[in-house]
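[1] Here is my input; please provide its structure:
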Amino acid sequence: MWELLKQGGVVMYPLGLCSLLTVTILIERLWRFSRADRDPQAVLSRARAALAKSGNPGPVWPDEPAPATRVAGVAIAGKGRSRVALEDELRATLSAENLRLSAHLGIVGTIGNISPFIGLFGTVLGIIRAFRDIGQVGAAGPAVVAAGISEALIATAAGLCVAISAVIVYNLFIVWQGRLSRRAEIVASEMLNLVAPEV
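    Numbers count the residues shown, from 1 in each chain. From the prediction side, this is the model:
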């Protein structure tokens, strides 16, 4: 397999780097997103229990990695403030959480976009090599052009493989991010009504 990949030419190095980046971000985001995934009803139950305590409103959950728990913590900490001020703070918290969730996803999206072009560049280099070999030998035949055509096809296949993997990873986390954001918005709306109900 390694020998086959080496036949793909110089474009295999950037494609290998793109593949490594995709796998690294996949593992890191899986860890982050799995820790950030919380059931909104469980978060709301916990928040109601914290608000029901007399005196101390309960924990603010500053170390919780989940957006839903962070917005609940902001709402609890803002108990007693005006509804408008709390709405602004919750909106800012939701925006910050979305930015935190989308970290590194742009890199994967870019890899998904450029990998086919890197593979295409390798294809062009392979075809150039095939024609150069024909020019040096002075005749065309399977044996003459085999190395160049092999390089072109391997580069194309590698570029498509990296691109498909990156697009799958990117779409997976975009959908997951949307779900986490919606859960946080549900919690924010409910907490706003609990902490600063409309008069």
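[2] Which parts of the chain are helices?
    Here the chain has its helices, by DSSP state H, at 2-6, 12-36, 40-52, 67-77, 83-101, 105-137, 142-195.
[3] residues near residue 186, how many?
    Using other Cβ atoms under 10 Å, residue 186 is surrounded by 16 other residues. No exception for glycine: its C-beta is placed from N, CA and C like everyone else's.
[4] go on, residue 106?
    10.
[5] same thing with residue 113?
    Look at residue 113: counted by other Cβ under 10 Å, it has 13 neighbours.
[6] which one is it nearest to, not counting chain neighbours?
    Using Cβ to Cβ, 6 or more residues apart in numbering and skipping the chain neighbours, the partner closest in space to residue 113 is residue 163 (7.7 Å).
[7] from what I can see that neighbour touches residue 109, true?
    No. At 10.9 Å, residue 163 does not count as touching residue 109 under the criterion of Cβ atoms under 8 Å.
[8] Neighbour count: those two, which is higher?
    Between residue 163 and residue 109, residue 163 has the larger neighbour count (other Cβ under 10 Å), namely 22 against 18.
[9] Extract the residue ranges of this structure that are flagged as low pLDDT.
    Residue ranges of the chain with pLDDT under 70: 1-8, 54-63, 137-147, 199.
[10] The closest residue to residue 48 other than its chain neighbours - how many residues pack around it?
    When the adjacent residues along the chain are set aside, residue 48 lies closest to residue 194, with 7.0 Å between them (Cβ to Cβ, 6+ apart). If you count neighbours by other Cβ under 10 Å, residue 194 ends up with 16.
[11] how much space between residue 172 and residue 106?
    Counting by Cβ to Cβ, to the nearest Å, the gap from residue 172 to residue 106 is 15 Å.
[12] rewinding a little: what sits against the residue nearest to residue 113?
    111-113, 115-116, 119 (Cβ atoms under 8 Å, 6 or more residues apart in numbering).
[13] again, 10 Å this time
    For residue 163, the contact set (Cβ atoms under 10 Å, 6 or more residues apart in numbering) comprises 15, 18, 22, 111-119.
[14] ditto for residue 90
    Neighbour list for residue 90: 70-72, 74-75, 78, 184-185, 187-189, 191-192, 195-196 [criterion: Cβ under 10 Å, 6+ apart].
[15] Do me a favour and get the end-to-end distance for stretch 100-110?
    18 Å (Cα to Cα, to the nearest Å).
[16] Pull the distance from that stretch to the chain's centre.
    Here the centre of stretch 100-110 is set off from its chain's centre by 4 Å, with Cα atoms, centre = their mean, to the nearest Å.
[17] how much space between residue 154 and residue 148?
    In terms of Cβ to Cβ, residue 154 sits 11 Å off from residue 148.
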